[in-house]
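# Quick one, fold the following:
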Amino acid sequence: MKKTLKLITSFMLLAALAFTACSGREKQQDIPSKLPETAASSESAALAISENDESSVQPELLAAHENEEEPQKKNKDIVILATSDVHCSPQKNFGYTSLYRIREKFLKEGCEVILVDDGDEVEGHGEMFGTVTRGQQVIELMNKMGYDVATPGNHDFNYGADRFIELTKMADYPYVSCNVLKNGKLVFKPYIIKEAAGKKIAFIGVTTPRTIGYYSSTSLFKNGNGKVVYSMRGGSKNKKLFAAIQAYTDQARAAGADYVFLLSHFGKAKKYDAWDNIDALVAATKGIDGVFDGHSHDAKKLDLRNAEGKMITRIAMGSKLSRIGYLRISGENGSIKMNIFSWTTSSVTPSELFGFKNEMTEEVDKALAEFKNIYTGKIGTNNNPLFISNPDVAVPEGQTPPSIITRAETNLGDFVADAMRITTGADVALIPSDKIKATLPQGDVSMKDLYNVLPSSKRMITVNATGQQILDALEWSVRKYPKANSAFLQVSGVTFKVNTKTKTPCKKKSGALDEIKGKRRVSNVKIAGVAIDPKKTYKVTSYLGVIRNANNGYNMFKKCKQVRFDGRLDFQLLTDFVKINLNGVIGDRYMNPKGSNRITSA
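Numbers count the residues shown, from 1 in each chain. As a prediction, the model looks like this:
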């Protein structure tokens with residue numbers, strides 16, 4: 001019976017645990033939602049597949065073992081486990097529970113284990129966990145997980161570069177990067193040397209130099225005066241970066257490193273050119289023994305030729321813990337083997353399938369519970385429903401009244417615009433109505449409710465703009481008024497009238513404002529109750545994409561000087577507005593569904 005149970009469990013593990021082959025192709029199997037109870041309860045279940053098979057490196061990882069609490073003697077082997085692009089998903093796929101268990105298995109075999117990360121951890125890529133604390137919960141969990149070293153990814157700067165630096169100071173492990181600079185000086189150590197089993201192992205960090213201005217707005221990297229103070233050395237076809245990597249590789253060797261590995265957030269995909277091509281990096285360098293790569297979310301194992309013609313292995317770990325990178329240095333002869341553990345089913349995690357828990361299970365569950373409390377717990381009360389639709393329009397039961405927020409002022413529009421203006425300290429807030437998606441009901445309010453109002457989760461930027469630029473923006477906003485228009489602005493700090501009998505003077509080109517020619521529709525414009533001065537400078541806040549990328553056609557602000565960039569997302573600004581500025585009560589100033597007459601017809 002015991003032998004049968006072991007065979008059943010081994011079969012289930014084979015079905016569930018696919019490992020990336022050298023060709024980069026992955027075996028994927030359908031995995032049952034539950035393991036048969038008899039097999040799951042087997043104390044001796046094990047997966048025993050030869051570790052010498054280079055195309056499917058499969059050590060005993062996840063199943064329960066007899067006497068597994070008894071560690072073996074040190075065997076002088078060194079194992080490096082690597083993650084990348086976890087994106088606020090500590091519970092998904094392998095999850096930290098399985099990562100912890102895998103590490104424990106190697107430790108109990110007698111290996112020394114180093115745990116590394118390739119970046120893009122603190123930003124969610126659609127995951128709310130981590131996002132609501134702007135990365136803090138992620139760093140705290142990585143501390144609990146016991147990471148030894150990490151390198152920044154491009155998305156790690158999405159809360160603002162200064163915020164990411166704050167987060168790294170919360171980490172119990174070091175970040176390394178040879179190309180993240182502030183005011184021309186390295187922010188992190190370019191490499192670190194770890195000692196294990198009597199060997200010195202260097203890890204050099206590198207982040208795609210396209211982070212600034214390509215993957216992320218330059219606004220994320222500016223100081224309080226609006227000046228870009230961060231940079232990521234690249235040069236023509238990354239020659240400066242490759243030279244720096246070579247220099248630090250040589251330094252690490254001179255410092256006694258027996259092995260040098262690259263923690264690279266660089267990527268490998270067809271859409272990336274030489275700027276984001278790990279092939280070019282390896283081809284330009286020598287002395288690197290292996291590459292742990294991220295950024296492109298692939299899970300390929302590649303053998304790449306370096307500057308000396310030597311073949312170097314590069315592995316990538318997918319995203320959201322669907323893969324774990326694996327490198328083993330033999331204590332006998334110093335040889336290196338690299339491969340990728342793969343778990344590609346979303347219906348069940350290994351810990352659920354095989355019924356195991358460990359201390360990371362508790363830590364992750366605790367963090368997720370804290371997140372839930374932050375995200376869904378009561379933060380205030382709303383005295384009146386705030387509408388995107390016309391409540392006076394009767395519709396059949398169960399149906400939603402048609403939205404009017406893209407063609408008229410509403411109390412919800414006033415509320416959102418006020419929140420953006422007041423929390424950013426601007427004079428005027430201009431909010432495209434297509435960002436506002438749901439009515440806020442009367443009653444208790446949570447952060448989740450506010451996220452439903454602004455689910456795009458974008459950031460605001462405040463700039464100095466002239467009165468004339470504001471006038472042009474208002475004219476563009478009402479060019480179709482009173483008809484629906486996704487670019488129609490909900491406003492705060494400004495009031496104006498619209499002459500609906502006057503034809504719009506706006507001319508567009510490629511979907512954006514080209515020129516304003518003829519009599520204007522907008523008149524009687526006041527800011528803080530005072531007539532607008534076209535030559536005066538005002539602080540204007542709106543979405544980053546509106547200001548810098550001319551989203552919704554608003555191209556008049558592209559060159560305005562930045563006053564403030566806020567790392568908080570729009571729904572987080574709403575949250576702070578309710579909790580701090582409104583003292584938890586959205587009061588009767590927002591009682592009227594049609595707003596407070598900020599936009600009226602002349």
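# hey, let's count contacts and neighbours off CA atoms from now on
OK.
# Asn80 - how many residues pack around it?
Residue 80: Ile, not Asn. For Ile80, the neighbour count with other Cα atoms under 10 Å is 19.
# Mind giving me the packing neighbours of the helix or strand hosting it?
When elements are defined using DSSP states H and E, Ile80 is found to belong to strand 78-83. Strand 78-83 is packed against strand 112-117, strand 323-329, with contacts defined by 3 or more Cα pairs under 8 Å, 6 or more residues apart in numbering; DSSP states H and E.
# and it, average pLDDT?
Along strand 78-83, the predicted confidence averages to a pLDDT of 98.
# before we move on, what about stretch 166-178?
Stretch 166-178 comes out at a mean pLDDT of 98.
# which residues are in contact with that stretch?
By Cα atoms under 8 Å, 6 or more residues apart in numbering, the surrounding residues in contact with stretch 166-178 are 135-136, 139-140, 142-143, 146-152, 186-192, 203-207, 244-245, 248.
# buried residues in that stretch?
Buried residues in stretch 166-178, counted by 16 or more other Cα atoms under 10 Å: 167-168, 171-178.
# For Asn158, report the pLDDT, please.
pLDDT, Asn158: 92.
# From Thr541, how far out is it?
18 Å (Cα to Cα, to the nearest Å).
# what about these two, which has more around it?
Neighbour tally, Asn158 and Thr541, criterion other Cα under 10 Å: the higher count belongs to Thr541, 31 against 25.
# Within the helices and strands, which one has the more buried one?
Under the criterion DSSP H and E, the helix or strand holding Thr541 is strand 537-543.
# hmm, back to that, now, the buried residues of stretch 166-178 that are in helices?
167-168 (DSSP state H).
# Now do the helices in the stretch 251-400 of the chain.
In the stretch 251-400 of the chain, the helices defined using DSSP state H, counting those that start in this stretch lie at 278-283, 350-354, 359-376.
# Only alpha carbons, please: show the shortest one as CSV.
C-alpha atoms of helix 350-354 as CSV (Å, rounded to 0.1, in the frame of the first residue of the first chain):
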residue,chain,number,x,y,z
PRO,A,350,2.0,23.4,-4.8
SER,A,351,1.3,23.9,-1.1
GLU,A,352,-2.4,23.4,-1.8
LEU,A,353,-1.9,20.4,-3.9
PHE,A,354,0.5,18.6,-1.6
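# For stretch 466-474, which outside residues touch it?
Residues contacting stretch 466-474 (Cα under 8 Å, 6+ apart): 489, 516, 522, 525, 532-538, 554, 556-557.
# Just the buried subset of these, please.
Buried subset of the contacts of stretch 466-474 (neighbour count, 16+ other Cα under 10 Å): 489, 522, 525, 532-533, 537-538, 554, 556-557.
# Turn these into a markdown table, columns for distance to Met360.
Output for those, formatted as a markdown table (distance: Cα to Cα, whole Å):
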| residue | distance to Met360 |
| --- | --- |
| Leu489 | 47 |
| Val522 | 60 |
| Val525 | 58 |
| Ile532 | 58 |
| Asp533 | 60 |
| Thr537 | 53 |
| Tyr538 | 51 |
| Tyr554 | 48 |
| Met556 | 51 |
| Phe557 | 48 |
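# re earlier: which strands border the strand holding Ile80, and is each parallel or antiparallel?
Counting by DSSP bridges, the strands paired with strand 78-83 are strand 112-117 (parallel), strand 323-329 (antiparallel).
# after it, next one along is what?
According to DSSP H and E, the helix or strand after strand 78-83 is helix 95-109.
# what angle separates that following helix from strand 323-329?
20 degrees (axes from the mean of the first three to the mean of the last three Cα atoms, to 10 degrees).
# Counting by contacts, list what helix 95-109 packs against.
Going by 3+ Cα pairs under 8 Å, 6+ apart, helix 95-109 lies up against strand 112-117, helix 350-354, helix 359-376.
# If you count contacts, what does the last one end up packed against?
By that I understand helix 359-376. Going by 3+ Cα pairs under 8 Å, 6+ apart, helix 359-376 lies up against helix 95-109, helix 136-145, helix 447-453.
# that older thread, summarise which helices and strands the strand holding Thr541 is packed against.
Judged by 3+ Cα pairs under 8 Å, 6+ apart, strand 537-543 is in contact with helix 411-424, strand 428-432, strand 459-466.
# What's the separation between Arg210 and Ser596?
For Arg210, the distance to Ser596 equals 45 Å [Cα to Cα].
# Out of the helices and strands in this protein, which is least certain?
Least confident element among the helices and strands of the chain, by mean pLDDT, DSSP states H and E: helix 37-40 (a mean of 28).
# Mean pLDDT and distance to Asp434 added to the helices and strands packed on helix 359-376, as CSV?
Below are the helices and strands packed on helix 359-376 laid out as CSV (pLDDT from 0 to 100; distance: least, Cα to Cα, whole Å):
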stretch, mean pLDDT, distance to Asp434
helix 95-109, 95, 36
helix 136-145, 98, 30
helix 447-453, 97, 11
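# quick one: which of those helices is nearest Thr500?
Closest to Thr500 of the helices and strands packed on helix 359-376, according to Cα to Cα: helix 447-453, at 29.1 Å.
# how far away is the closest residue to Tyr543 other than its chain neighbours from Asn583?
Nearest non-adjacent residue to Tyr543, counting by Cα to Cα, 6 or more residues apart in numbering: Met460, 4.4 Å away. Using Cα to Cα, Met460 is found at 22 Å from Asn583.
# list the contacts for Asn225?
Shown in contact with Asn225 (Cα under 8 Å, 6+ apart): 562-563.
# between the contacts of stretch 466-474, which is nearest Ile422?
Using Cα to Cα, these come closest to Ile422 at Tyr538, 14.1 Å.
# any idea which helix or strand comes after the strand holding Thr541?
Counting by DSSP H and E, what follows strand 537-543 is helix 544-549.
# Would you mark the buried spots in that following helix?
Neighbour-count burial for helix 544-549, with 16+ other Cα under 10 Å as criterion, is recorded at 544-548.
# Reformat those as CSV; add pLDDT and distance to Ala417.
Shown next, in CSV, are those (pLDDT from 0 to 100; distance: Cα to Cα, whole Å):
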residue, pLDDT, distance to Ala417
Leu544, 93, 15
Gly545, 93, 16
Val546, 96, 14
Ile547, 95, 15
Arg548, 92, 19
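# can you list the domains in this protein?
74-372, 378-601 (automatic domain parsing).
# what's in contact with stretch 392-409?
388-391, 413, 433-434, 436, 481-490, 594-595, 597-599.
# start to end distance for it?
15 Å.
# Same question for stretch 154-163.
Termini of stretch 154-163 sit 13 Å apart (Cα to Cα).
# try stretch 380-393
End-to-end for stretch 380-393, by Cα to Cα: 29 Å.
# Any stretches of the stretch 1-150 of the chain with poor pLDDT?
1-73 (pLDDT under 70).
# Just give the number of residues close to the residue lying closest to Asn75 once chain neighbours are set aside.
Residue nearest to Asn75 in three dimensions, not counting chain neighbours: Gly110, with 5.1 Å by Cα to Cα, 6+ apart. When neighbours are defined as other Cα under 10 Å, Gly110 has 17 of them.
# The one 5 residues further on now?
Using other Cα under 10 Å, Leu115 has 20 neighbouring residues.
# Surely Phe129 touches Ser89?
Yes. Using Cα atoms under 8 Å, Phe129 is in contact with Ser89, at 7.3 Å.
# Identify each buried residue in the helix or strand harbouring Ala473, please.
Ala473 belongs to helix 467-477 when assigned by DSSP H and E. For helix 467-477, a neighbour-count test (16+ other Cα under 10 Å) marks 467-477 as buried.
# after it, next one along is what?
Toward the C-terminal end, the helix or strand that comes next after helix 467-477 (DSSP H and E) is strand 489-492.
# CA atoms only: put the very next helix or strand once past that following strand into CSV for me.
From strand 489-492 onward toward the C-terminus, using DSSP H and E, the following helix or strand is strand 494-498. This file holds the C-alpha atoms of strand 494-498, laid out as CSV (Å, rounded to 0.1, in the frame of the first residue of the first chain):
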residue,chain,number,x,y,z
VAL,A,494,-12.1,77.0,-11.5
THR,A,495,-15.6,78.0,-12.7
PHE,A,496,-16.7,79.0,-16.2
LYS,A,497,-19.6,79.4,-18.6
VAL,A,498,-20.2,77.7,-21.9
